[in-house]
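Chemist: requesting a structural model of the entry that follows:
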Amino acid sequence: MNDYLEIFHQYKEHKDIVDLIHDIQKLRYYYSTQQFDLMHQHISNLTAKYSFETTL
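Modeler: Predicted coordinates:
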């Protein structure tokens, strides 16, 4: 499986990409530390933040 986060780092001069990198790192941290409640809350926040993309 490819780690697409590494690909995102190539474009980190764009604010939107930096936001995505931060969101992915946060999700990975919550998963690795088994903070599933916080992970679920973060996913809910992302769903609200990216509502248009979510509906697609």
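
Chemist: ok, and what's touching the helix or strand hosting Tyr31?
Modeler: Here Tyr31, judged by DSSP states H and E, is contained in helix 15-32. Outside of helix 15-32, the residues within contact range by C-beta atoms under 8 Å, 6 or more residues apart in numbering are Leu5, Phe8, His9, Tyr11, Lys12, Gln35, Phe36, Leu38, Met39, His42, Ile43, Leu46. Bear in mind the C-beta positions are built from the backbone N, C-alpha and C, glycine included.

Chemist: what's the closest of those residues to Thr54?
Modeler: Leu46 (8.3 Å; C-beta to C-beta).

Chemist: ok, the closest one - contacts?
Modeler: Asp23.

Chemist: where's it, which helix or strand?
Modeler: Here Leu46 is assigned to helix 36-49, by DSSP H and E.

Chemist: next structured bit after that helix?
Modeler: Assigned by DSSP H and E, the successor of helix 36-49 is helix 51-55.

Chemist: packing partners of that next one?
Modeler: Helices and strands touching helix 51-55, as assessed by 3 or more C-beta pairs under 8 Å, 6 or more residues apart in numbering; DSSP states H and E, are absent.

Chemist: noted, bye for now.
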